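What would the 3D arrangement of this be:
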Amino acid sequence: MNYIIDGHNLISKIPTLSLSMLDDEQRLIELLNRFGQDSRHRMEVYFDGAPVGQAGEGNYGRVRAHFVSRRLTADDAIRNRLAKLGRAARNWVVVTSDRGVQSAAHAAHAQVMSAEDFSSHMRARLHQARPVSAEGSPEQPIREVLSEAEVNEWLMIFTERGKKK
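Got it, this is the predicted structure:
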């Protein structure tokens, strides 16, 4: 299956990502690459709000990322992509929780999956693909992001150590 993904919409539905992260888009692209690594999925992800001079598109492994200029929204770019696909849109799944984009996808005869459902599906597949230890049990996943509480705890530990010297 091929996917057209509303990037910022999906980021907000993934527990380890946040729109406030400086590298949120890159982290999503990395997750999507891991998700699609053992498949023939084509994935296009759309991010809006690209700064002047940074709008454009590029291939990142299995993912084609579209950084949409501030003149358009990712929603508009997705609608344009669906129109360009024409009848072939029925071979794509549009991942978004935006009702307007979902409506455009249905009108183009594309399949629709909410960002919440795709996030769950992707995380389940990535969880299944975890490496297995020598004993045959799944290794604990490597967490990519520390919570604010964990960061504060480490800062307190290191700050107290520095004071003891």
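
Can I get the helix ranked longest in the chain in PDB, CA atoms only?
In the chain, assigned by DSSP state H, the helix with the most residues is helix 148-164. Extracted in PDB, the C-alpha atoms of helix 148-164 (Å, rounded to 0.1, in the frame of the first residue of the first chain):
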ATOM      1  CA  GLU A 148      10.900  16.200  31.200                       C
ATOM      2  CA  ALA A 149      10.800  14.600  34.600                       C
ATOM      3  CA  GLU A 150      13.700  12.200  33.600                       C
ATOM      4  CA  VAL A 151      15.700  15.100  32.300                       C
ATOM      5  CA  ASN A 152      15.200  17.100  35.500                       C
ATOM      6  CA  GLU A 153      16.100  14.000  37.600                       C
ATOM      7  CA  TRP A 154      19.400  13.600  35.700                       C
ATOM      8  CA  LEU A 155      20.100  17.300  36.000                       C
ATOM      9  CA  MET A 156      19.600  17.100  39.700                       C
ATOM     10  CA  ILE A 157      21.900  14.100  40.000                       C
ATOM     11  CA  PHE A 158      24.700  15.700  38.000                       C
ATOM     12  CA  THR A 159      24.300  19.000  39.700                       C
ATOM     13  CA  GLU A 160      24.500  17.400  43.200                       C
ATOM     14  CA  ARG A 161      27.600  15.500  42.100                       C
ATOM     15  CA  GLY A 162      29.300  18.700  41.000                       C
ATOM     16  CA  LYS A 163      28.600  20.400  44.300                       C
ATOM     17  CA  LYS A 164      30.200  17.500  46.300                       C
END
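
I'd like to know the average pLDDT value across it.
Helix 148-164 shows a mean pLDDT of 68.

Does it pack against any helices or strands, and if so which?
On a contact count with 3 or more C-beta pairs under 8 Å, 6 or more residues apart in numbering; DSSP states H and E, helix 148-164 meets no helix or strand. Heads up, the C-betas are built off the backbone N, CA and C, glycines and all.
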